[in-house]
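K.L.:
Sequence and predicted structure are below.
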Amino acid sequence: MVKTALDDFPRPPCAELLGWRLLDARPKEGWIRLGFEGKPEFCNPAGFIQGGMLSAMLDDTMGPAVLVMSEGRLYTTTICMTVNFLSPARPGPIVAEAKVTQLGRTIAFVEARLMAEDGTVLATASASERLLEAARVVR
């Protein structure tokens, strides 16, 4: 796999909770593939992963796509995110892909999708992301 800005990046607690792991990336294209763990604790009473957890996975894929494309120079904060839930998500491995469709000076546009292990598309999203210079972000 290609080296990315995420290689030495400390994983935040929310990523740990979601079972976040980098699977592949093409930084110059603004494309990233991640793995998540759909935990039983994320399920609603019907036994499917709750939509808010799936939305968090999508959001936690689109931001890193921008970070990778910008070689670690830009963080994002979500301005607007539209999610479409296409199939119920069961506990187990979930794969996410995101692509930066446009990287401007202050805003990025990103699209993502979540898939079950068998390739079934679970949800898609598009987002507008405010760009923040990493050097100016206080941790």
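P.N.:
Yep, that arrived.
K.L.:
going forward, measure contacts and count neighbours with C-alpha atoms only.
P.N.:
Fine.
K.L.:
Give the pairing partners of the helix or strand hosting F36; include direction for each.
P.N.:
Taking DSSP states H and E as the criterion, F36 maps to strand 31-38. With DSSP bridges as the test, strand 31-38 is paired with strand 21-26 (antiparallel), strand 92-103 (antiparallel).
K.L.:
and the shortest one, average pLDDT?
P.N.:
Okay, so that is strand 21-26. For strand 21-26, mean pLDDT rounds to 96.
K.L.:
For it, list the C-alpha coordinates in PDB.
P.N.:
Only the C-alpha atoms of strand 21-26 are listed here, as PDB (Å, rounded to 0.1, in the frame of the first residue of the first chain):
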ATOM      1  CA  ARG A  21      -8.600   0.900   9.700                       C
ATOM      2  CA  LEU A  22      -6.900   2.000   6.500                       C
ATOM      3  CA  LEU A  23      -7.200  -0.500   3.700                       C
ATOM      4  CA  ASP A  24      -6.000   1.400   0.600                       C
ATOM      5  CA  ALA A  25      -5.500   4.900  -0.700                       C
ATOM      6  CA  ARG A  26      -4.700   6.900  -3.800                       C
END
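K.L.:
Pull the residues that contact that strand.
P.N.:
1-2, 4, 31-36, 68-69 (Cα atoms under 8 Å, 6 or more residues apart in numbering).
K.L.:
cool, and the longest one?
P.N.:
Under the criterion Cα under 8 Å, 6+ apart, residues 29-39, 57-58, 61-62, 65-66, 108-117 lie in contact with strand 92-103.
K.L.:
what comes up buried for it?
P.N.:
93-100, 103 (16 or more other Cα atoms under 10 Å).
K.L.:
again with stretch 76-85
P.N.:
Residues 76, 78, 81, 83, 85 are the ones in stretch 76-85 that count as buried (16+ other Cα under 10 Å).
K.L.:
Point me to the helix or strand that includes the closest residue to the first one other than its chain neighbours.
P.N.:
So the one you mean is T76. Once flanking residues are discounted, T76 sits nearest to L131: 4.8 Å by Cα to Cα, 6 or more residues apart in numbering. In the assignment (DSSP H and E), L131 maps to strand 121-133.
K.L.:
ok so, going back, return the closest of the buried residues of stretch 76-85 with respect to A127.
P.N.:
Taking Cα to Cα as the measure, A127 sits nearest to M81 out of these, at 4.2 Å.
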